[in-house]
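> from the sequence below, what's the structure:
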Amino acid sequence: MKQTWANTTVHTIPTPAVRFDPVLDLATGDALGMTAELPFCFEDGPSFGPARVRKSESNSAKWVADRIGEISSIAHEFRHDHRPIIVPAPVAALANPDTALACDARVRRSVFCQQEFCIEFTDTAFAGDAADCTSRVAHFRRHGFRVSVDMRKSWQTPLAEGMRLLIDTLRVDARNLDCDLLMETCETAAAAGILVIAENANWRDADELGRLGISAGTRLRADA
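Numbering: from 1, shown residues only. From the prediction side, this is the model:
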């Protein structure tokens, strides 16, 4: 007897270029949104010499808008439904007056709305004039976007009254909470209604974190 095998084709689902981590309520475990972790940063890559041609994008506004488009497609395709989505943005994007408009135009071509995205800038992006930084953040809010501050590596941003009214979330690393300035910043932010998110925290420390004004976490560690 002659045995034949039918030709079969195996289709594999490509690995998404973006990793999503849920933001969880430390008291209830409910999802409060998610963070989008990108495999590379805008600042990555050579900035001079022949190798510079490999750098894909030099316009920070377009770079952030493209990432929002990419994140939108992946979140929709793989049904990542937690909102808002925290999107990391480079320092240059805050100073670029076209960033908010470019992101707005990109979102309008997707199935999402602006309020579903929280554009996150590192603490160092706010090192300039406080009034100027507040004005730039307000520009994003006028286009409907939420704004987050990443204080996982540094925490020098002064949360003046004007800034506190515009910031939606603040991210910190729980391993740095022995710093008095960071603890004071968390308490000030929480009192202003800002959602403070701790990364690398332990579930068992939820009560202690709550006393500092930290009510959410990501990449949480299981109790051992």
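> after the least confident helix or strand in the chain by mean pLDDT, which helix or strand is next? Please name it.
Ranking every helix and strand in the chain by mean pLDDT, DSSP states H and E puts helix 161-164 at the bottom, with a mean of 89. Counting by DSSP states H and E, the next helix or strand C-terminal to helix 161-164 is strand 169-173.
> any buried residues in the least confident helix or strand of the chain, and which?
Residues of helix 161-164 classed as buried: M163, R164 (neighbour count, 16 or more other CB atoms under 10 Å). Glycine gets a C-beta too; all of them are placed from N, C-alpha and C.
> return the alpha-carbon coordinates of that helix using PDB.
Once non-C-alpha atoms are left out, helix 161-164 reads as follows in PDB (Å, rounded to 0.1, in the frame of the first residue of the first chain):
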ATOM      1  CA  GLU A 161      -0.300  73.200  41.400                       C
ATOM      2  CA  GLY A 162      -0.600  73.800  37.600                       C
ATOM      3  CA  MET A 163       1.200  70.600  36.800                       C
ATOM      4  CA  ARG A 164      -0.800  68.600  39.300                       C
END
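> what are the boundaries of the helices in the protein?
60-77, 91-95, 99-107, 130-142, 161-164, 180-191, 206-211 (DSSP state H).
> closest to T124 out of those helices?
helix 91-95 (6.0 Å; CB to CB).
> contacting residues around the least confident helix or strand of the chain?
Outside helix 161-164, the residues within contact range by CB atoms under 8 Å, 6 or more residues apart in numbering are F126, A130, A131, C133, T134, V137, T157, T188, A189, A192, I194.
> re the thing from before, the helices of the chain: lowest mean pLDDT?
Note on the helices of the chain: helix 161-164 shows the lowest mean pLDDT, a mean of 89.
> distance to L38 added to the helices of the chain, as CSV?
As requested, those are exported to CSV (distance: least, CB to CB, whole Å):
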stretch, distance to L38
helix 60-77, 6
helix 91-95, 13
helix 99-107, 15
helix 130-142, 19
helix 161-164, 25
helix 180-191, 25
helix 206-211, 27
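> select, out of those, the one closest to D223.
helix 206-211 (10.1 Å).
> which secondary structure elements does that closest one sit against?
Helix 206-211 sits against no helix or strand, with contacts defined as 3 or more CB pairs under 8 Å, 6 or more residues apart in numbering; DSSP states H and E.
> convert that helix to PDB, retaining C-alpha atoms only.
The C-alpha trace of helix 206-211 is given here as PDB (Å, rounded to 0.1, in the frame of the first residue of the first chain):
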ATOM      1  CA  ALA A 206      -0.100  47.000  49.500                       C
ATOM      2  CA  ASP A 207      -1.100  48.600  52.800                       C
ATOM      3  CA  GLU A 208       2.200  50.200  53.300                       C
ATOM      4  CA  LEU A 209       2.200  51.500  49.700                       C
ATOM      5  CA  GLY A 210      -1.300  52.800  50.200                       C
ATOM      6  CA  ARG A 211      -0.100  55.000  53.100                       C
END
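> which positions in it come out as buried?
Quick answer for helix 206-211 (16+ other CB under 10 Å): A206, L209.
> so how far is it from its chain's centroid?
With CA atoms, centre = their mean, to the nearest Å as the basis, helix 206-211 stands 23 Å off its chain's centre.
> which of the contacts of helix 161-164 are buried, as a ChimeraX select command?
Remark: buried members of the contacts of helix 161-164, expressed as a ChimeraX selection using 16+ other CB under 10 Å:
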select :126,133,134,137,157,188,189,194
